[in-house]
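Colleague: Model the structure of this input:
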Amino acid sequence: MAKKQIIGVFGGTFDPPHQAHLEVGRQVALELGMAQILFVVANDPWQKTLEKEITSATDRFKMVQLMLAQDPNLVASDVELVLGGESVTAQTLERLTSLYPNCDLDLIVGYDAALGIETWRDYERIFEYARIVVVDRPGKQDELPGFLNGALRVTGPSLDISSDDIKDRLQRGFGVEGLLPESVKTYIVENLIYGG
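Modeller: Below is the predicted model:
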């Protein structure tokens, strides 16, 4: 029986998507031999929208498409936009399982996000659909909670970039060289996102 291809599922708000997101995708795909990584753009990241304003899902999806244009095995996914409503990872994985029935899914999360999985809606169902891949910060591999004992761990790239910091720099008129792909920066400026 042929071994199933692995598809990585890398979800996020991507507000905006930046160089660290891109490098995580490239590194994890290479290290784990994934056929493809889906960058799943959150439709309504409800845990964040309670705290701050989020750029429209359409703009965030377009920026992710632009960022991934040069990487054929990294693909922008609008599965959560199509599902609509609040983004629930278990529901997303269930849908992706039906869209990719002959593949195994790996859910890619950063270490900090992994610690918060228990606060996600229906989080127990995530394990029915995917293996968890935790991306650690370089030089640091802290213990994970017991419910993540089966998680696979990889070390992420040495890039400390924050979407909030990028937004702040853009609003203040500071440069963002090296933080964003040029195509994403152009889209932000042309569409006056984050104060352009």
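
Colleague: Have a look at this structure and report the helix or strand with the lowest mean pLDDT.
Modeller: helix 46-49 (a mean of 63; mean pLDDT, DSSP states H and E).

Colleague: Looking at whichever helix or strand comes after that helix now, give me its mean pLDDT.
Modeller: Sequence-wise, the next helix or strand downstream of helix 46-49 (DSSP states H and E) is helix 57-68. With pLDDT averaged residue by residue, helix 57-68 scores 97.

Colleague: swap in stretch 120-135?
Modeller: In this model, stretch 120-135 has an average pLDDT of 94.

Colleague: How about exporting it as PDB, limited to the C-alpha atoms?
Modeller: Taking C-alpha atoms only, stretch 120-135 is exported to PDB below (Å, rounded to 0.1, in the frame of the first residue of the first chain):
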ATOM      1  CA  TRP A 120      -9.700  26.600  21.100                       C
ATOM      2  CA  ARG A 121     -13.300  25.500  20.400                       C
ATOM      3  CA  ASP A 122     -13.700  21.700  20.200                       C
ATOM      4  CA  TYR A 123     -10.000  21.300  20.500                       C
ATOM      5  CA  GLU A 124     -10.200  17.600  21.400                       C
ATOM      6  CA  ARG A 125     -11.500  16.900  17.800                       C
ATOM      7  CA  ILE A 126      -8.300  18.300  16.300                       C
ATOM      8  CA  PHE A 127      -6.500  15.100  17.200                       C
ATOM      9  CA  GLU A 128      -9.100  13.000  15.200                       C
ATOM     10  CA  TYR A 129      -8.000  14.800  12.000                       C
ATOM     11  CA  ALA A 130      -4.300  15.800  12.300                       C
ATOM     12  CA  ARG A 131      -1.000  15.200  13.900                       C
ATOM     13  CA  ILE A 132       0.400  18.300  15.700                       C
ATOM     14  CA  VAL A 133       3.700  19.800  14.600                       C
ATOM     15  CA  VAL A 134       5.100  22.300  17.100                       C
ATOM     16  CA  VAL A 135       7.600  24.800  15.700                       C
END
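
Colleague: Helices of this protein, start to end?
Modeller: 19-32, 46-49, 57-68, 79-83, 89-99, 111-115, 126-129, 163-172, 182-190 (DSSP state H).

Colleague: For these, give me a markdown table that also has distance to residue 142.
Modeller: From N, CA and C alone the C-beta is placed, and that goes for glycine too. Supplementary listing: those in a markdown table, determined by distance: least, CB to CB, whole Å:
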| stretch | distance to residue 142 |
| --- | --- |
| helix 19-32 | 18 |
| helix 46-49 | 22 |
| helix 57-68 | 29 |
| helix 79-83 | 29 |
| helix 89-99 | 22 |
| helix 111-115 | 7 |
| helix 126-129 | 21 |
| helix 163-172 | 22 |
| helix 182-190 | 31 |
